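Trainee: I would like to see how this sequence folds:
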Amino acid sequence: MGGKNPVLVLDPAAAERLGRWLAGRLEPGMVIHLRGDLGAGKTSLVRAVLQGLGVRGPVRSPSYTLVESYDVGGRSCHHLDLYRLGDPEELEWLGLRDLLAGPAVLFVEWPERGGALLPAPDLEIRIEHAGDRRRYRLRGPTARGAALLAGLPADLETAAGA
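Mentor: All right, here's what the predicted structure looks like:
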């Protein structure tokens, strides 16, 4: 894709393809921040990524538990939803340090609630409502994130829009 920070407008099937594509590109230790309003599709995208990694069975939203962890194919993934976090210091109670100790992939919804205690993202995905579709604004602020986005597939380019 031409830009460093692609913007895609995707229907649900294309969004699932994006998630499955990301699954094949994520490296151990990557941090992905997901931003967007309630109901924008953050958990749905994480679900598609986890299913692309091979998770079978339900992928639950961590809205009430704050963290859901998955081990699949020898890889650990942690999905955090910080919407209900009262204070960034609660991340210590959640065991963030332990989650970051290994080479796990970390998905963080509502990262702004974690403040400076969260690691910087390799990939940032902002999801916005666009009628019956969603607009995905992708940004790779690290070398790993930029390299990942450089390989965005052509079949998603056809769904691109601003």
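Trainee: Mind listing what's buried along the helix or strand bottoming out on mean pLDDT in the chain?
Mentor: When each helix and strand of the chain is scored by mean pLDDT, DSSP states H and E, helix 154-157 comes last, with a mean of 68. Across helix 154-157, burial judged by 16 or more other CB atoms under 10 Å covers Leu156. In this view, the C-beta of every residue, glycine as well, is placed from N, C-alpha and C.
Trainee: Next: stretch 113-125.
Mentor: Of the residues in stretch 113-125, those buried (16+ other CB under 10 Å) are Arg113, Gly114, Leu118, Pro119, Pro121, Asp122, Leu123, Glu124, Ile125.
Trainee: and the fourth one, how far is that from Ala147?
Mentor: In this case it means Pro119. 18 Å (CB to CB, to the nearest Å).
Trainee: And for the helix or strand containing Gly24, what's in contact with it?
Mentor: Assigning secondary structure by DSSP states H and E places Gly24 in helix 12-25. Contacts to helix 12-25, defined as CB atoms under 8 Å, 6 or more residues apart in numbering, come from residues 8, 10, 41, 44-53, 134, 136, 148, 151-153, 155-156, 159.
Trainee: filter the residues you listed to the buried ones?
Mentor: 8, 10, 41, 44-53, 134, 136, 148, 152, 156, 159.
Trainee: just checking, which of those residues belong to helices?
Mentor: Of the buried ones among the contacts of helix 12-25, the ones assigned to helices by DSSP state H are Ser44, Leu45, Val46, Arg47, Ala48, Val49, Leu50, Gln51, Gly52, Leu53, Leu148, Leu156.
Trainee: which ones are touching the first one?
Mentor: Contact analysis of Ser44 by CB under 8 Å, 6+ apart lists Pro12, Ala15, Gly19.
Trainee: Stretch 23-31 spans what distance, first to last residue?
Mentor: 13 Å (CA to CA, to the nearest Å).
Trainee: Show me which positions of that stretch end up buried.
Mentor: In stretch 23-31, counting by 16+ other CB under 10 Å, buried: Ala23, Arg25, Leu26, Met30, Val31.
Trainee: Check the gap between Ile125 and Ala101 for me.
Mentor: 25 Å.
Trainee: Could you do Gly145 as well?
Mentor: 21 Å.
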